[in-house]
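Chemist: Have a look at this prediction, sequence included:
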Amino acid sequence: MRFFENFNYDFLGKRKIAYIISGGLFLLGVISGLTRGFHFGIDFKGGSEIVLQFEKPVNIAEVRTDVENIGLGNIEVKTFGGETGVMIRTEIQVVPTAVYPNVIAGIEKEIEKMIPGVPRRLIDSTASSVTYAFENPDTANRIIDGLFEAGFQSGRVSEEPDNTQMLVSVGIADWIKENLREKITENPFTVLKEDRVGPKIGEELKRDAVLAIFFALIAILVYLGFRFKFIFAFGAVAALFHDVLITLGLFAAIYGLFPGLNLDIDLTIVAAFLTLIGYSINDTVIVFDRIRENLKIHKTRPLFDVINTSVSQTMSRTVLTGGTTLLTVLVLMIFGGEVLRSFAFTLLFGIIIGTYSSIFVASTLVYEYATKYSKKVEF
Amino acid sequence: MKEFRFKLIIIIAAIALSVYLLYPTYLDYQSNKDIKQTIETDREQLIKSNQDLTKTQIDNILRVKEDSILAANPDIVKNRENRVKLGLDLQGGMRVVLEVNTGKLLDKLAKNPDQVFTDVLAESEKESQQTDEPIVDLVARKLTEKGIRLSRYFGTIRDDDDKIISELNENTEDAVTRAMEIIRNRVDQYGVSEPSIQRQGSKRIIVELPGIAREEEAKQLLQGTALLEFRIVRDPDFTFPIMQRIDEVLAGKIQDSTDVTSDKDKSETTAGDTSLTSADSLKPEGELTEEEFKQQHPFFAIALLDPQGRSADAYVHSDERNKLEMMLNRQDVQKVIPNNVEFKFSAKTNQDAEGREFNIMYLVNKEPELTGGVITDANANIDPNTSTPIVTMTMNSEGATEWARITGANVDKRIAIMLDGGIFSAPVVKGKIPGGRSQIEGMADLNEAKLLEIVLKAGALPAPIDIIEERTVGPSLGEDSINKGLTSVLLGYTIVGFFMILYYRKSGTIAAAALIFTILFILGILAGFKATLTLPGIAGIILTIGMAVDANVLIFERIREEMATGKTIKASIDSGFSRAYSAIIDSNITTFFTGIILYQFGTGPIQGFALTLMIGIATSLFSALVITRVMLDLMVAKNIPVTVG
């Protein structure tokens, strides 16, 4: 079996079509970016995120109303995986003071339910925790265990055996969970995942991500400039910008259009972008390598023809490798589970755009650059 | 054949090494399955037989049970150490980033803070949220702007600002070290397996706790003030008889509980006599076989006493500590231990001559004589007279009075220094210490002394820490991710392998076989370097499967082109490989670069992805350039027809 045998196509001659496609996609990205904006996950914004797994299918709209009614303002509620998974996300860092009395009332109610009228003292309350003191260690331990099983984040203040104090933490996530447990009694849930990122860390992660992509591009520019000619390095890196920007634009364009596909930009997505850069450059380098080789053999042939021949010659390899990688990424997207879905999706689209760019964009840019500055490209 | 021998040996060695490195992972998988099954059946039985047990209590019983299974089989523990490490996202657990709150620390360090200082501090804290400038520098600058010298709040009156700033920075530094030590100590006491506590930058600590089920307990391990206590260690005369009774109860010699309580009272009053008899009854141990001894003296088989010495410090191998704690927690055993004392372990382990780790167990009073709040300073030093490490400890006046009374009443007795329940040192009181300045000797080296310094300060100078990032993954999500990851790897491999065989025939078959080895090598390297496999790491492997064939595709396409020009198969293979070489190297090195950058900037799971991606690139090159090459050459040499589709 073989594809593209004795294949020769005038890629450069049709470059106007490529410009229209790329330009169109780019414009779409810019417009969506400006109108719809980019949605960052808590990795970059800071906030809390909980993923819950219910025992039975759950009505997402119901969960949303339940969560919205607990006084925390606007909270994102989405499905996670199948019908039983729910993801709840908020940017608020601590429980607002207005809600605080409710939180304490909730704890009191639960204690009353276990041992009615048990002597207790509220000895401390901070923005994130409440501390109770009881009369003896046994009572304290009983209530700590009981509250914990009821879903509260309760624990001993000290590990000493004679400890009589209980600390209940009242983070945003805990408060949401407690409320849901109370409101959706017939359908219990377990916590699959819980993340909390402080605002400062979010800023740092954002800076690191931008730096990572920037340094990756610089490293590639330097290496290719060294191994090939600067003009090729320029073409390759310009094509990478093309890939990254178009993929980013896609994120803005289709955000929220597909239920079950969570396209918030977080650390995993940044990793996907870097992988996409690595993959796309891999593809481009192989075409360039062939151009370099052909330029050495046919010293007098015009660059136009050499590029066309080289892209045609490497076509079968480009499509084959792109194909196998695409297949594995598809497998990952379908079977890899919810956590990796957005990662796989980014790569899926990224590989398509990366393959497209190494065929139609990178060498075209090299050609345009060479003709514009009437440079003679030779090795 | 000869020309291939060297390459073949390398290939076989690489495969053998990978299999060897992965074997513990396989064994661990098997034993985990067995343990899980045992625990589940136990759980069902427990629920059936004891309806009134809460879920937490059952969990605790089962945890101890699991620990004892592990303690009984050192092999399981060894395999566990050598298996492929799974990241928190795969096995469930908690990752927390802590930061020392420098603002709070400054507030605590400042003497006579007034309104001006509080305002400056609040301003600086706010500003430090936006900039990266350290709070110490911000506070210093703002005070200078106001024309106030730092010595008004910190240090002594004669110190200039620079000196105070460097001292404050040192204090921040110390706070991080102290916080790390406190956390490490608690995590050790709590018994989390494979914890990781790392320092990041100047004031951050990253703590990873795999498999933590009770999230709140974990959070308390990390925050809250440490409890430093001084407790009296009981004499051998008092301790021996109690140990003796425990041993008898465990061996089943004493059954009637009412008898036991009365015996206990007697043993307290006539401690001297009983200790003599206990020494006698211990004598015949030399005549008993090891098994018999274990049967008749279950306690002394684990809690080893110095046969000659009169010390009652028991040496307990660390892997048997859980078992012993379980014994001590039995109700019938608790009855023979007087109410006012308890057994406590040393916080740090030592190694015996065979390299086995052990803890020392002491019998100490339950009631502390003094707690750490009274300590104002501690310093580790080398005593210029004896050239041995010492730690000096200073107390405030209130503490000093108490301390003089305590030490005066307990001359020649030992006082245990305990932090959060773990004993760090148990020095002998040489005489009454008036004035609150004490000197502790007998540390093995300066490091040990430094540790004691940190411990002593932990009670006095808290290290205020904030949780700034927290990620928890439940165990069920982790298990689900592993299964889905493995399915994807298998399916991805099948599709790609099938395609290669279809498209390139025999050469494709070889490439598909080499791909198995690529995956084997990746996992082998992960196990060998004790690297961590994360969920994105599995994604990296899957991606590698797709991209690994790239080198093969490049080579085979070249061979096809060469054959089309009319060359023989042997010549085509030769030139196909050599001409595809530059493309393969250039393209893979650039991808490798992005891998390195990803590793540098990423955290946790992302680093795992970068790692497998990089290992994947290296191993797939080995498979394509060495394994596939040798196989093709071998086929040509043996006159087996080679097809490239």
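Modeler: Alright, I've got the coordinates.

Chemist: and the closest residue to residue B:398 other than its chain neighbours, what does it touch?
Modeler: The shortest distance from residue B:398 to any non-neighbouring residue, by Cβ to Cβ, 6 or more residues apart in numbering or on different chains, is to residue B:374 (6.2 Å). Every C-beta, even on glycine, is put in place using the N, C-alpha and C of the backbone. By Cβ atoms under 8 Å, 6 or more residues apart in numbering or on different chains, the contact set of residue B:374 is B:395-396, B:398-400, B:402-403, B:460.

Chemist: Kindly recompute the last result at 10 Å.
Modeler: By Cβ atoms under 10 Å, 6 or more residues apart in numbering or on different chains, the contact set of residue B:374 is B:228, B:230, B:393-403, B:436, B:459-460.

Chemist: Same check on residue A:83?
Modeler: Applying Cβ under 10 Å, 6+ apart, we find residue A:83 in contact with A:54, A:56-60.

Chemist: between these, which has the most around it?
Modeler: Among the contacts of residue A:83, residue A:58 has the most neighbours (other Cβ atoms under 10 Å in any protein chain shown), with 20 neighbours.

Chemist: thinking again about what came up before, give me the distance between the residue nearest to residue B:398 and residue B:232.
Modeler: Per Cβ to Cβ, to the nearest Å, residue B:374 is found 17 Å from residue B:232.

Chemist: now swap in residue A:17 and tell me
Modeler: Distance, residue A:17 to residue B:232, using Cβ to Cβ: 89 Å.

Chemist: Between the two, which has more neighbouring residues?
Modeler: The residue with more neighbours, out of residue A:17 and residue B:232, is residue B:232; 21 against 11, by other Cβ under 10 Å.

Chemist: Name the nearest residue to that one, sequence neighbours excluded.
Modeler: residue B:365 (4.7 Å).

Chemist: do the same with residue B:245
Modeler: Ranked by Cβ to Cβ, 6+ apart and with sequence neighbours excluded, the top spatial neighbour of residue B:245 is residue B:336, at 4.2 Å.

Chemist: Phi first, then psi, for residue B:85.
Modeler: Reported as degrees, to the nearest 10, the phi and psi values for residue B:85 are phi -70, psi 140.

Chemist: How much space separates the most centrally placed residue in chain B from chain A?
Modeler: Closest to where the C-alpha atoms of chain B average out (Cα atoms, centre = their mean) is residue B:195, at 2.8 Å. Using Cβ to the nearest Cβ, to the nearest Å, we find residue B:195 at a distance of 16 Å from chain A.

Chemist: Provide a list of residues in contact with that residue.
Modeler: Per Cβ under 10 Å, 6+ apart, neighbours of residue B:195: B:93, B:183-184, B:187-188, B:207-212, B:221.

Chemist: Go again with 6 Å.
Modeler: By Cβ atoms under 6 Å, 6 or more residues apart in numbering or on different chains, the residues touching residue B:195 are B:187, B:209.

Chemist: before we move on, what about residue B:535?
Modeler: A:339, B:89-90, B:481.

Chemist: Mind doing that once more with 7 Å?
Modeler: By Cβ atoms under 7 Å, 6 or more residues apart in numbering or on different chains, residue B:535 lies in contact with A:339-340, B:89-90, B:481, B:485, B:605.

Chemist: Let me know the pLDDT of it.
Modeler: pLDDT recorded at residue B:535 is 85.

Chemist: same check, this time on residue B:230
Modeler: Residue B:230 is given a pLDDT of 90.

Chemist: now do the one 4 residues further on
Modeler: Reported pLDDT at residue B:234 in the predicted model: 90.

Chemist: my read: residue A:18 touches residue A:364, true?
Modeler: Yes. Look at residue A:18 against residue A:364 with Cβ atoms under 7 Å: they come within range, at 6.3 Å.
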